[in-house]
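# this is a predicted model, with the sequence first.
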Amino acid sequence: MPAIQMRQGPVVAVIIAVAVLVLIFLNIGDKPKRNVHTHGKSAHANLADDNAVEHESDDPEYDALVKWLLKSGAEFPFVSGHKRAHAGGGRGLFATKDLTEGEVVIKIPAECWLSHRSILRASTAAHVLREDPVVKALIEEDETWSVVIGMEYERHNEYSPWKEYLHFMRKQESTIWWTKEQLEALHSQRIMEDSLQHQKNLAKIYERIYPHLFEEYPHMFTEDENTFESFTWAALTLWGRAFNVVSENSTGLEYGLIPIADLLNHDGGRRASWYVDYNDERMQNDPTNYFFEANRNTPEGQEVMISYGDKRASYNFMLFCGFIPFGQTYGDFVHITVTYRQLKEKDLHVAVGVDGDLDNNFVDELSEKFDNDRKLALEFMLHKISAFLENLPTTYANDLVALNDLPEGNYQKWATLTYRTRFKRIYNHLVDNLKANIADTAHGHTKNKHKQNTYNQAYASNNFKDRSHHMAYAMDNLELKP
């Protein structure tokens with residue numbers, strides 16, 4: 001383009017003055033009201049566009065999402081979402097240049113999020129969520145239902161401000177989708193019962209709200225579009241992909257879906273480093289932008305990942321995220337209860353992790369029930385657990401062979417066999433340890449107290465609070481009766 005020459009000095013002076021004022025204005029606007037997780041740096045991310053790459057993919061829905069985000073003021077020039085060639089496929093977020101730990105790589109304006117505030121601010125169903133007494137009562141019980149119902153509505157709204165984002169979203173995997181027959185194939189009574197209970201709870205909420213919406217707002221909600229399946233899709237999407245989008249100093253939580261950031265896949269040990277800022281003078285308590293920082297040095301072409309929870313139970317991953325992490329075994333544990341309900345005695349509880357060792361305090365308590373005969377107590381455990389394993393349709397060895405021989409592409413079979421092998425391995429290690437301990441006890445040997453590995457052996461405490469936690473997140477709950 002040819003240069004434009006200004007022939008009059010005053011015009012140049014005016015232009016320079018205007019430019020200076022614009023720069024001053026922009027600098028003032030960039031100062032955050034307050035910020036979170038800034039690590040001593042400015043909360044404003046300055047993502048230069050000099051080295052930015054074009055966001056192109058083989059997925060037109062992803063391309064449309066990127067176009068919408070960039071138009072809305074989002075910045076993520078050094079990462080790109082594309083399909084993964086391994087680890088179950090799906091999409092991931094990959095570095096398009098060498099990233100340095102602490103470098104801001106994602107900035108997403110709040111108007112692009114799907115959160116309680118953004119739904120109430122921009123959805124055409126906001127008045128229903130705010131004013132309808134039936135819906136309002138549910139949201140007062142749990143604010144996240146405003147996101148679920150609002151997102152489910154917007155999914156079918158042709159003119160939704162989140163249209164590109166909602167069309168890009170894929171179905172969130174979860175055992176909550178599975179039938180009872182499919183759940184039975186897991187061989188874990190625990191996860192089958194809990195998955196079915198979640199189905200019932202979702203159905204209860206749906207029946208409480210949606211028939212009312214169909215009757216009161218037939219121009220907005222219809223039985224053909226706003227189905228139970230669509231409602232479940234929205235709930236699972238929020239449960240499995242949301243971030244907390246309020247200040248860490250806040251007394252509560254507010255979950256929101258963040259485009260692009262929700263492509264960050266799980267890898268244990270990669271603590272997420274992100275924050276939100278507040279620099280809208282009109283709504284000073286509302287977050288303005290979401291920023292994500294590289295949590296480690298990442299070479300160009302490698303996937304950028306975060307931890308969904310290093311101490312999160314494997315059962316919880318399976319239920320809400322549809323997978324169990326490779327190489328992360330902290331969350332693999334079963335909960336065993338020795339119950340004396342008929343004798344009105346105190347039940348005994350123990351959590352057994354991947355190494356299959358019993359907590360010594362539990363063994364001591366159990367031995368008291370057998371006249372302090374430790375060998376007899378261990379034999380009781382061995383007999384009961386061996387009988388339980390013999391009654392399962394397949395063995396650990398059978399499942400392990402089937403998993404190793406499984407062709408790629410069969411997600412449900414992979415998930416089933418992965419879950420079965422992970423919790424049956426615990427029981428098999430427990431049986432081996434019981435046999436060894438019985439032999440040692442018979443020869444008068446006493447082993448040193450087992451030292452817990454906090455990343456491989458799950459919760460070992462025997463206090464009541466931890467027992468409740470064990471029962472809520474164990475891969476399997478086994479009740480033994482003397």
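Sure, I can see it. Residues are numbered from 1 along each chain as shown.

# going forward, measure contacts between C-alpha atoms and count neighbours the same way
Fine.

# where does Val304 sit, in terms of helix or strand?
strand 303-306 (DSSP states H and E).

# other residues contacting the helix or strand following that strand?
Helices and strands here follow DSSP H and E; after strand 303-306, the next one along the chain is helix 314-321. Contacts with helix 314-321, where a contact means Cα atoms under 8 Å, 6 or more residues apart in numbering, come from 172-176, 191, 195, 236, 239-240, 323-325, 329-332, 473-475.

# ok, back up a step: helices or strands next to the strand holding Val304 in the packing?
Helices and strands in packing contact with strand 303-306 are listed as strand 91-95, strand 265-266; criterion 3 or more Cα pairs under 8 Å, 6 or more residues apart in numbering; DSSP states H and E.

# of those, which is nearest Glu143?
Between Glu143 and the helices and strands packed on strand 303-306, the shortest separation by Cα to Cα is 26.0 Å, and it involves strand 265-266.

# report the rounded mean pLDDT for the helix or strand just after that closest one.
Tracing the chain C-terminally past strand 265-266 and defining elements by DSSP H and E, one meets strand 273-278 next. Confidence for strand 273-278, expressed as mean pLDDT, is 86.

# CA-only coordinates of strand 273-278 in CSV, if you can.
Written as CSV, here are the backbone C-alpha positions of strand 273-278 (Å, rounded to 0.1, in the frame of the first residue of the first chain):
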residue,chain,number,x,y,z
SER,A,273,-2.2,-22.1,36.8
TRP,A,274,-5.0,-19.7,35.9
TYR,A,275,-6.8,-16.6,37.2
VAL,A,276,-9.6,-14.2,36.4
ASP,A,277,-9.5,-10.4,36.5
TYR,A,278,-12.0,-7.8,37.5
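
# ok, the helix or strand just after that strand: who's next to it in the sheet?
Scanning forward in sequence from strand 273-278, with DSSP H and E defining helices and strands, the next element found is strand 289-293. Strand 289-293 has these partner strands in its sheet, going by DSSP bridges: strand 104-109 (antiparallel), strand 273-278 (antiparallel).

# residues touching strand 289-293, excluding its own?
45, 101-110, 245, 258, 261, 272-278.

# okay, helices next: where are they in the stretch 1-150 of the chain?
Counting by DSSP state H, counting those that start in this stretch, the segments of the stretch 1-150 of the chain that form helices are 9-29, 60-71, 116-122, 126-131, 133-141, 144-155.

# give the buried residues for the strand holding Val304.
The neighbour-count check on strand 303-306 (16 or more other Cα atoms under 10 Å) flags 303-306 as buried.

# re earlier: and Arg422, which of the helices and strands packed on strand 303-306 is closest to it?
Of all these, the one in closest proximity to Arg422, counting by Cα to Cα, is strand 265-266 (18.4 Å).

# give me the contacts around the closest one.
92-93, 304-308, 325.

# any residues touching stretch 474-482, and which ones?
Here stretch 474-482 makes contact (Cα under 8 Å, 6+ apart) with 188-191, 313-315, 332-340, 380, 384, 423, 471.

# please compute how far it lies from its chain's middle.
How far stretch 474-482 lies from its chain's middle: 27 Å, per Cα atoms, centre = their mean, to the nearest Å.

# that stretch spans what distance, first to last residue?
22 Å (Cα to Cα, to the nearest Å).

# make sure Glu193 is indeed in a strand.
No: when the secondary structure is assigned by DSSP: H, G, I helix; E, B strand; the rest coil, Glu193 falls in helix instead of a strand.

# tell me the confidence at it?
94.

# domain-wise, how is this protein divided?
Taking automatic domain parsing as the criterion, the chain consists of the domains 63-321, 334-480.

# if we can go back for a sec, can you select the buried ones from the contacts of stretch 474-482 in PyMOL?
Selecting the buried subset of the contacts of stretch 474-482 in PyMOL, with 16+ other Cα under 10 Å as the burial test, is done by:
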select buried, resi 188+190+191+313+314+315+332+333+334+335+336+337+338+339+380+423+471
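
# ok, Arg84 to Glu365 distance?
Distance check for Arg84 against Glu365: by Cα to Cα, it reads 50 Å.

# cool, Gly90 as well?
Distance of Gly90 to Glu365, computed by Cα to Cα: 48 Å.

# and Leu417, by the same measure?
Taking Cα to Cα as the measure, Leu417 and Glu365 are separated by 35 Å.

# among the two, which residue is more densely surrounded?
Leu417 (22 against 15; other Cα atoms under 10 Å).

# pretty sure that one contacts Asp399?
Yes: in this structure, Leu417 is within contact of Asp399 by Cα atoms under 8 Å, at 6.1 Å.

# next one: the closest residue to Leu403 other than its chain neighbours from Thr227, what distance?
Setting aside the residues directly before and after it, Leu403 is nearest to Leu417 in space (Cα to Cα, 6 or more residues apart in numbering), at 5.8 Å. From Leu417 across to Thr227, the span is 31 Å (Cα to Cα).

# could you do Arg170 as well?
Relative to Thr227, Arg170 is positioned 17 Å away (Cα to Cα).

# of these two, which one has the most company?
The residue with more neighbours, out of Arg170 and Thr227 and counting by other Cα under 10 Å, is Thr227; that gives 15 against 11.
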